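Peer 1: Any chance you can model this:
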Amino acid sequence: MKIECIKEQLEEALNKANKIAGKNTTLPVLSGLYMEANQNSLSIKATNLDLGITVNVPVKVVEPGIVVVPAHIITSLISSLFKDRNITLNTKEQILEIKTSSTKTNIKTLPSEDFPIIPEIGDDDVFSIPTRDFIFGIRSVIYAAAIGSIKPELSSISITYEGEFLVFAATDSFRLAEKKIRVKKIPNFKQILVPQKNALEMIKIFDRADEYISISIQEHQIAMRSEGVYLTSRIIDGTFPDYRQIIPKKTSTSAVMLKQDLINSLKTSLIFSDSFNQLTLRLSPVAKHFELESKNSTIGESVHKLDAVLEGDELSINVNHRYFTDCFQSITTDSLSLSFAGVAKPIIVTGVGDSSFLYLVMPMNQS
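Peer 2: You can find the predicted model right below:
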């Protein structure tokens, strides 16, 4: 293989592929990038057996060929070449020679025949969605998924097509996030569960991609294509919790406030948070008081009053402040609403005037 390419284009492609390359010490080839030059294009592939990626780069192919090189080594090397714009890659036996106007480097290659095949999903039932919407859907709920759970379905992002919406949901059984994205009709779309760690990589890979992303789904794989990048991910075989059953049908107390006011108040309260991250919310609609209280036996305590429109019964309830605040990034409106159905019932957090996002957080045991 011998190619000539532009440093910036190669570096961008390598950075994407390097995110997926595996760290499996029992299969060293997974730590490599499979590079195939053909017809004025360089195809760079990486896989960790859970995710697979192919990135295509326009190059001048002098001699077609295939080589597998350690992902970290070649990515670090190309990133370190500050002054050079044009790069030549040339294979000589088990060596990849990388030359610029001022440097010459040799990297030992890995056996290409051992590299796993990345599944190519056909074009049947492909649908397109604005990339920004798809990534925002994942980003709006991913923090609510469990990390390293023994139940794979709790460590996943559920994606379902319901009428005019693609519905993203995640839960770790302590909180739940749901985001609805309006889309065009999607034929034959069934609910899929994407592993949380794979969804994180999707955000990194496609966060700045083209305007639209093409998606295709088969029995155990989802494939996405945009801007010369093709990504496949394993789909979890499991049943996502029927979370609609736990959403309270009636509420007894509600509060509406400016999101930024609540965020600012929490900055003070969280200084005095204890090891359990406990935050007490006190609502008194009659007295028109909404207070945030945090206590730490070794530091002190803080009570912060907040301007809010309150309705319903008086209430004092404890929440995990981290679970409570995680959802604010997903609320795009200036004001938010807190709805309470009682001391032992989940708290509902929504953006005022925005029905596309719903967040539930379970209260802590009252002390």
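Peer 1: What average pLDDT does whichever strand or helix holds Ile317 get?
Peer 2: Assigned by DSSP states H and E, Ile317 falls within strand 315-320. Mean pLDDT, strand 315-320: 95.
Peer 1: Show residues contacting that strand.
Peer 2: Contacts with strand 315-320, where a contact means Cβ atoms under 8 Å, 6 or more residues apart in numbering, come from 174, 252-253, 276-283, 340, 343, 347, 361, 363-367. (Glycine included, C-beta is placed from N, CA and C.)
Peer 1: go again using 7 Å as the cut-off
Peer 2: In this structure, residues lying in contact with strand 315-320 by Cβ atoms under 7 Å, 6 or more residues apart in numbering are 253, 277-283, 340, 343, 347, 361, 363-364, 366-367.
Peer 1: can I see the domain layout of this structure?
Peer 2: With domains defined by automatic domain parsing, the chain comprises 2-114, 127-243, 247-361.
Peer 1: picking that back up, and of the contacts of strand 315-320, the nearest to Glu36?
Peer 2: Nearest to Glu36 out of the contacts of strand 315-320 is Val361 (Cβ to Cβ; 48.3 Å).
Peer 1: Specify the beta-bridge partners of that closest one.
Peer 2: Listed by DSSP bridges, the beta-bridge partners for Val361 are Arg175, Ile347.
Peer 1: Name all residues that make contact with the residue nearest to Tyr243 when sequence neighbours are not counted.
Peer 2: Leaving aside its chain neighbours, Tyr243 sits nearest to Leu176 (5.3 Å; criterion: Cβ to Cβ, 6 or more residues apart in numbering). In this structure, Leu176 makes contact with 144, 169, 243, 359-360, judged by Cβ under 7 Å, 6+ apart.
Peer 1: coming back round to it: determine which two of the contacts of strand 315-320 are furthest apart.
Peer 2: Thr253 and Asn277 (22.4 Å).
Peer 1: what are the ranges of the strands in the stretch 251-367 of the chain?
Peer 2: Here the stretch 251-367 of the chain has its strands, by DSSP state E, counting those that start in this stretch, at 253-258, 278-284, 289-296, 300-305, 309-312, 315-320, 335-340, 347-351, 354-361.
Peer 1: host element of the residue most central in space within the chain?
Peer 2: Nearest to the geometric centre of the chain sits Leu200, at 3.2 Å (Cα atoms, centre = their mean). Assigned by DSSP H and E, Leu200 falls within helix 196-206.
Peer 1: what residues does the next helix or strand after that helix touch?
Peer 2: Next helix or strand after helix 196-206 toward the C-terminus (DSSP H and E): strand 212-217. With Cβ under 7 Å, 6+ apart as the test, strand 212-217 has contacts from 121, 123, 125-131, 134, 192, 206, 222-226.
Peer 1: Does Ala21 touch Leu33 like I think?
Peer 2: Yes. Counting by Cβ atoms under 7 Å, Ala21 does reach Leu33; the two are 6.3 Å apart.
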